[in-house]
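Asker: model the structure of this input:
(2 chains)
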Number of protein chains: 2
Amino acid sequence: MPAMRYTLTASDGRARAGVLSLPHGELETPVFMPVGTQAAVKAVSVEELRAMDVRILLSNAYHLYLRPGLEVIRHAGGLHRFMNWDGNILTDSGGFQIFSLSSLRKLTDEGVKFQSHIDGSHHFLTPEDVVRNQRDIGSDIMMVLDECVEAAADRKQTMTALERTAQWARRSRMEFERLGIDNQTLFGIVQGGRFEDLRRESARRIVDTGFDGYAVGGLSVGEEKPLMYAMLDVMDSELPENNPRYLMGVGVPEDILEAVERGIDMFDCVFPTRAARHATVFTRDGKFPMRNKEFETDLRPIDEECGCHTCRNYTRSYIRHLFKAQEILAMNLASVHNIYFLHDLTRAARRSIIEGRFASFKSGFLYRYTTRGNARGE
Amino acid sequence: MPAMRYTLTASDGRARAGVLSLPHGELETPVFMPVGTQAAVKAVSVEELRAMDVRILLSNAYHLYLRPGLEVIRHAGGLHRFMNWDGNILTDSGGFQIFSLSSLRKLTDEGVKFQSHIDGSHHFLTPEDVVRNQRDIGSDIMMVLDECVEAAADRKQTMTALERTAQWARRSRMEFERLGIDNQTLFGIVQGGRFEDLRRESARRIVDTGFDGYAVGGLSVGEEKPLMYAMLDVMDSELPENNPRYLMGVGVPEDILEAVERGIDMFDCVFPTRAARHATVFTRDGKFPMRNKEFETDLRPIDEECGCHTCRNYTRSYIRHLFKAQEILAMNLASVHNIYFLHDLTRAARRSIIEGRFASFKSGFLYRYTTRGNARGE
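Answerer: Model prediction:
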């Protein structure tokens, strides 16, 4: 039995509803994956994630490699046992983090040399190393090492990165097969910057190598949204229908819906939990800064239509107080809400796809979300 | 029916096992009360407290008066509803906080003038105000406003504070009766500094005024432990047997056991949760700094004999990693453990009192706790 099975349940235009079967259980797509970069989702417990029916979370092979170190995770019996999470885990390879966090990074065809952002220590990793590291971590979905380029990168730079990403993908795939891994799965990553034809070429080369799933990288930072949507527009026809598609680092409500419309199944983003820790919460009426004076005696939940633990038990008045008083509980309650909100959004999107009314669901949600949100002057 | 009933279940020497019946349910004594100064126990949710069978927590009328303000709490329907806690709440009056946190404080016989430690605003509170404020908060147990003196205070200063504390206690009691409060209860506070005879005199005057319970104040900061124990030694004979006795601001294992031996029933302290947030955890073998390298691959729970959620699910190796990585979850897991540890300690002490073996329980616990703890060179 393969480590992964993707079943396309229904489609509506390019939007897809599916079921992803993985070593640690089944999950429905589209799906938002909460981010636990350092083996913990910030300010949220795994019990709280389970209670929300979250089935997959994301961690990061680069971060875990540096701290606590793979030896510690191996010794614990893998990342699932280390962090007490029995759901699925996707680990990012760290290509993006090496690009954004580490200093003195030097890429060669062989691999990447970099300095730790934690202690300045020197490291060298090949694509093969990164597969082996993720085998040790034991993630259900591992990602190949890729080369991220800045959004502003010119055509030449982007082509160089595309070429290297394609070669590294092939080497990663070979290493994965050489190791005979059968209880984990490997995703390739499409790059290509802001060039539609390079996006297509990257996709063709990655698909040609053949992976269990396909990620779209390099669209989460600094890009204008129209560019992101344009780059996604060419993906549906390039990526095979029978594999899941993952848009890396994207996860605010409007982007999720735009990407689902363009055939994307999986999302992750640190923004929802980071925003929550800074007192910004999602609601059906847009984002709110919870510290606002207007909430001082507001006895409503963050979102009156939300079924999360926070909204079922706590008022805006109390949560505002907790933020003003700098209580850690504030970050927990807001993070739980924001994660649930996106979880709930993807579930609602899924139902609308199955029922053939995704377009109206999307426009209805976004109309309310953006007009009311803007009315608050954010 | 009175708002409170204390039943002495058993005694062993001066040590007492009792049952305290309060508006929000019954609880067994000795009891450790987790501290939620600002309407939240730091880094711990009320659901986690409930899961540990915590029945009472402490909050602070001074802090709540300043932030969020009593109007906000009244609007929410009282503190229980504001913070979603259906167990009991004891509110400290804030005498100690006015003494330790606020600036420009000026005490007169009438009351206390002080500046907020948050925004520098000016305030004046009488003992009557503080009773009314706690009525609005709706705490199950309210404390009278007292005058705290420093441990180093001389006899004259201590006598002045004692006199004022006694007068304020009487005025508080009268205000409590004038208001006809029947669903909350009021505790008096014994002061008297480091003078045995003044402690006795203070106790007699407070008992003479008559309260539902008696607190012993001014022993939590700066005092040498032998002095604290000596001051407690004179309390048992002065305080009535049929009322609970609360030692304010004390709550590390050794002090709890020494005070239980001297007839104390109730405890609170910020140290257990503050220490937890700084990675120090209690175990039967003493306190551990969880960041220590020795725990890097240690797959045991914090305390192998502990039944708390943290110890049932998480290893030292993981918790150490979370502290090193500055994950908020670390503070949560360690705080849950430390609160449970003290909760469990008081339960074990209670059983030993009922079974008439408190002295050996105490010496056995402390022998192991202090010798192993010291061996770690803390």
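Asker: pLDDT weak spots in chain A?
Answerer: Along chain A, segments meeting pLDDT under 70 span A:1, A:104, A:221-223, A:373-378.
Asker: show me how the record splits it into domains.
Answerer: Domain ranges of chain A: A:5-269, A:276-375, per automatic domain parsing.
Asker: which SS state does residue A:201 fall under?
Answerer: When classified by DSSP: H, G, I helix; E, B strand; the rest coil, residue A:201 comes out as helix.
Asker: now mean neighbour count and distance to chain B too, for the domains of chain A, in CSV please.
Answerer: All C-beta atoms are positioned from the backbone trio N, CA, C, and that covers glycine. Conversion of the domains of chain A to CSV gives the following (neighbours: other C-beta atoms under 10 Å in any protein chain shown; distance: least, C-beta to the nearest C-beta, whole Å):
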stretch, mean neighbour count, distance to chain B
domain A:5-269, 20, 4
domain A:276-375, 19, 4
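Asker: now those domains in JSON lines, with distance to residue B:276?
Answerer: Output for the domains of chain A, formatted as JSON lines (distance: least, C-beta to C-beta, whole Å):
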{"stretch": "domain A:5-269", "distance to residue B:276": "15"}
{"stretch": "domain A:276-375", "distance to residue B:276": "11"}
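Asker: what sits against the residue nearest the centre of chain A?
Answerer: Centroid-nearest residue in chain A: residue A:268, 1.6 Å away (criterion: C-alpha atoms, centre = their mean). Residues near residue A:268 by C-beta atoms under 8 Å, 6 or more residues apart in numbering or on different chains: A:32, A:33, A:34, A:35, A:58, A:90, A:92, A:246, A:248, A:249, A:250, A:251.
Asker: among those, name the ones in strands.
Answerer: A:32, A:33, A:58, A:90, A:92, A:246 (DSSP state E).
Asker: pull the most distant pair out of those residues.
Answerer: Checked with C-beta to C-beta, the ones in strands among the contacts of residue A:268 reach their widest spread between A:32 and A:92, with 15.1 Å between them.
Asker: re the thing from before, redo the contacts of residue A:268 as a markdown table? Include distance to residue B:238.
Answerer: Formatted as a markdown table, the contacts of residue A:268 follow (distance: C-beta to C-beta, whole Å):
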| residue | distance to residue B:238 |
| --- | --- |
| A:32 | 62 |
| A:33 | 62 |
| A:34 | 56 |
| A:35 | 58 |
| A:58 | 61 |
| A:90 | 65 |
| A:92 | 66 |
| A:246 | 71 |
| A:248 | 69 |
| A:249 | 67 |
| A:250 | 68 |
| A:251 | 63 |
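Asker: what's the closest of those to residue A:343?
Answerer: Of all the contacts of residue A:268, residue A:343 sits closest to residue A:32, with 5.8 Å by C-beta to C-beta.
Asker: could you dump the strand or helix carrying residue A:11 to PDB, C-alpha only?
Answerer: Assigned by DSSP states H and E, residue A:11 belongs to strand A:5-12. Provided in PDB are the C-alpha atoms of strand A:5-12 (Å, rounded to 0.1, in the frame of the first residue of the first chain):
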ATOM      1  CA  ARG A   5      -3.600   8.200  -1.600                       C
ATOM      2  CA  TYR A   6      -5.400  11.200  -3.000                       C
ATOM      3  CA  THR A   7      -9.000  10.800  -4.000                       C
ATOM      4  CA  LEU A   8     -10.700  13.600  -5.900                       C
ATOM      5  CA  THR A   9     -14.200  13.700  -4.500                       C
ATOM      6  CA  ALA A  10     -15.600  16.500  -6.500                       C
ATOM      7  CA  SER A  11     -14.600  19.500  -8.600                       C
ATOM      8  CA  ASP A  12     -16.300  22.700  -9.400                       C
END
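Asker: pull the CA atoms of whatever helix or strand comes next after it into CSV?
Answerer: Sequence-wise, the next helix or strand downstream of strand A:5-12 (DSSP H and E) is strand A:15-22. Provided in CSV are the C-alpha atoms of strand A:15-22 (Å, rounded to 0.1, in the frame of the first residue of the first chain):
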residue,chain,number,x,y,z
ALA,A,15,-11.7,24.1,-7.5
ARG,A,16,-11.2,20.6,-6.0
ALA,A,17,-12.6,18.7,-3.0
GLY,A,18,-10.6,15.6,-2.1
VAL,A,19,-9.6,13.1,0.5
LEU,A,20,-5.9,12.6,1.4
SER,A,21,-5.0,9.4,3.0
LEU,A,22,-1.7,9.5,4.9
